[in-house]
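Enquirer: This is a predicted model, with the sequence first.
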Amino acid sequence: MFHHSRFFLKKCESHQSSADFRFYIENQTRDDVSRKQVRIYQLYSRTTGKHVQILGKKINANGDDGGKYALLVVETETFGSHIRIKGKESGYYICMNKNGKIIGKPNGNNQECVFVEEYLENNYTALVSAKYKDWYLGFNRKGRPKKGSKTTQTQQEVHFMKRHPKGKVDPLEEFRFTTVTKRTRRARRLKHNPKTN
């Protein structure tokens, strides 16, 4: 009986944490995913301070905010976190071949063009290949793609932030996107408050 009530208390506490709240938001939007969602956003690279852009076969992380090649059409699979990323302008998909090389392909139906989103505690997102486990989409400081075999989740080169195209904000999407603002930093400080004991 004592053990059961301890578990119940723990469960209540966990509902107050922001990580749990983010998980809750993710689950609320899961139902819509079965209808294959398509979103348009930019991927901000932590290493270059610029955005991922798909020029065709060539992909780099040197795109400007609002640049036409930095606008990405992200198709969400029925599995929820499985996505395909296509350049809105070029029509090419980001893919990873068996050598771990990042290339653009005109047809994204191949499993090499599917990535799995991993939400990290630092508000960044990492994209791991659905076909080649533990190989991540990553870019070095010059914005060039890294080989998947030379990446790990902890490297800054594989950390991205989803951003709205410049000047466009969809209020329904606010929970799913993180922008670099003072509000984000304030929210991060508040995370520690729920644990008062």
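Expert: All right, it came through fine. Numbering: from 1, shown residues only.
Enquirer: can you tell me which strand in the protein is longest?
Expert: What stands out as the longest strand in the chain, according to DSSP state E, is strand 38-45.
Enquirer: helices or strands up against it?
Expert: Applying 3 or more Cβ pairs under 8 Å, 6 or more residues apart in numbering; DSSP states H and E, one finds that strand 38-45 contacts strand 51-54, strand 72-76, strand 160-163. From N, CA and C alone the C-beta is placed, and that goes for glycine too.
Enquirer: Most tightly packed of the ones you listed?
Expert: strand 51-54 (a mean of 26; mean count of other Cβ atoms under 10 Å).
Enquirer: Determine the angle, from 0 to 180 degrees, between the helix or strand just after it and strand 72-76.
Expert: The helix or strand immediately downstream of strand 51-54 is strand 59-63, counting by DSSP states H and E. If you take axes from the mean of the first three to the mean of the last three Cα atoms, to 10 degrees, strand 59-63 sits at 120 degrees to strand 72-76.
Enquirer: Sheet-wise, list the partners of strand 59-63 with their directions.
Expert: strand 51-54 (antiparallel) (DSSP bridges).
Enquirer: all helices of the protein, in order?
Expert: In the chain, the helices defined using DSSP state H lie at 2-16, 18-33, 182-190.
Enquirer: burial of residue 119, as a residue count?
Expert: Residues near residue 119, counting by other Cβ atoms under 10 Å, number 15.
Enquirer: wouldn't it be in contact with residue 125 here?
Expert: Yes - at 5.9 Å, residue 119 and residue 125 qualify as touching, with contact defined as Cβ atoms under 8 Å.
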